[in-house]
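A.B. asks: my questions are about this predicted structure, shown below with the sequence.
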Amino acid sequence: MLRGFENVGQLGDDYDILWGDGDKMALNAKDSAYSHYYETPGRYFAVLRKQQIPVDTVPVFLQTDGWTATANMMHDTTRVYPIELPDLFTNGRNSVNAAEIAHAGVDTNRTFFVDFINSHLTGINGDNFELLVDIKTSPPRPGVRCSQVRLTVYGDSSNHMVDIMKPGCVHWSKLRFSEFSENGRSDGLNFLGADLTNGGTLELKVVNRHARLLINGKEVYKNTYQKPLRHIYGLDVMFAGIGTLRSVQLKDLKTGKRFAGNF
């Protein structure tokens, strides 16, 4: 049987797995073991489906030792590009430059993204916390017109995520608080349009599953979700192009415990 999944009976040709990182695999009755390689740190949810209907989910957690930087290119689904920077987010080192990204193997004339990830067992409650990030999104460059930034908070069985775009680009924005999700194509997320190329702040405040989003100190969205996030397993701040993460402040509102990756 496939390890990690339960109550699926005999696996047949009508099963597949969504690995949670964009890849999927069709299963067949002749094999009893399957493997997958996750290239980027974080927390993923592998979903076993039968005839495209989910029947089980298994979390996969890849921890980091502090902050990491990993690049990938749009439409390049074959690999990611770790960027080795031992002094990241120390002594004023708050970004990576185009030369360092190119050295990692990225064609910087194409659309590329850089994920800054710090994933570990934080001891912070994902349903009672506040998070403030000070960022500066990419200046105009090849492949970057919307200068987006995506902020993700990893949880036990779901995530909180907000996708900020320049005004006029919110068609591609997304927003998630645990089981509750919206996208710009169908839900009119104009409030996620913000030009942060000169800098700005994003703030999440969650109190007893009541979530608020603030951009540059102004509340733009609030909602209440039902499925608890429970434990926070880390953060992912993803920029299109060359972005700068100037500071991170995350703390538990009940215990006061602070994120080990704060700076």
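C.D. replies: Ah, there it is.

A.B. asks: what ranges do the helices span in the stretch 1-150 of the chain?
C.D. replies: Under the criterion DSSP state H, counting those that start in this stretch, helices of the stretch 1-150 of the chain are mapped to 98-103.

A.B. asks: where do the strands of it begin and end?
C.D. replies: Secondary structure of the stretch 1-150 of the chain (DSSP state E, counting those that start in this stretch): strands at 15-18, 24-26, 42-50, 53-62, 68-73, 81-83, 112-119, 128-136, 149-154.

A.B. asks: which residues sit in contact with residue 223?
C.D. replies: With contacts taken as C-beta atoms under 8 Å, 6 or more residues apart in numbering, residue 223 has the following neighbours: 177, 180, 210, 211. In short, each C-beta sits where N, CA and C put it, glycine included.

A.B. asks: could I get the strands of the stretch 1-150 of the chain as CSV with distance to residue 244 and mean neighbour count?
C.D. replies: Formatted as CSV, the strands of the stretch 1-150 of the chain follow (distance: least, C-beta to C-beta, whole Å; neighbours: other C-beta atoms under 10 Å):
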stretch, distance to residue 244, mean neighbour count
strand 15-18, 33, 19
strand 24-26, 34, 12
strand 42-50, 21, 20
strand 53-62, 25, 14
strand 68-73, 12, 21
strand 81-83, 14, 17
strand 112-119, 10, 24
strand 128-136, 4, 19
strand 149-154, 10, 23
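
A.B. asks: out of the contacts of residue 223, give me the two with the largest separation.
C.D. replies: Across those, the two members that end up farthest from each other (C-beta to C-beta) are 180 and 210, 11.7 Å apart.

A.B. asks: can you tell me how far the residue nearest to residue 61 when sequence neighbours are not counted is from residue 121?
C.D. replies: Among residues not flanking residue 61 along the chain, residue 43 sits closest, at 5.0 Å (C-beta to C-beta, 6 or more residues apart in numbering). Using C-beta to C-beta, to the nearest Å, one gets 11 Å for the distance from residue 43 to residue 121.

A.B. asks: anything in contact with each of the two?
C.D. replies: With C-beta under 8 Å, 6+ apart, residue 43 and residue 121 have common neighbours residue 233.

A.B. asks: in contact with the residue sitting furthest away from the middle of the chain, which residues?
C.D. replies: Distance from the C-alpha centroid of the chain peaks at residue 30, with 35.0 Å (C-alpha atoms, centre = their mean). Not one residue lies near residue 30 by C-beta under 8 Å, 6+ apart.

A.B. asks: coming back round to it: any chance of the strands of the stretch 1-150 of the chain in JSON lines, plus distance to residue 261 and mean pLDDT?
C.D. replies: Output for the strands of the stretch 1-150 of the chain, formatted as JSON lines (distance: least, C-beta to C-beta, whole Å; pLDDT from 0 to 100):
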{"stretch": "strand 15-18", "distance to residue 261": "28", "mean pLDDT": "92"}
{"stretch": "strand 24-26", "distance to residue 261": "31", "mean pLDDT": "90"}
{"stretch": "strand 42-50", "distance to residue 261": "13", "mean pLDDT": "93"}
{"stretch": "strand 53-62", "distance to residue 261": "15", "mean pLDDT": "92"}
{"stretch": "strand 68-73", "distance to residue 261": "10", "mean pLDDT": "95"}
{"stretch": "strand 81-83", "distance to residue 261": "17", "mean pLDDT": "95"}
{"stretch": "strand 112-119", "distance to residue 261": "4", "mean pLDDT": "97"}
{"stretch": "strand 128-136", "distance to residue 261": "11", "mean pLDDT": "98"}
{"stretch": "strand 149-154", "distance to residue 261": "12", "mean pLDDT": "98"}
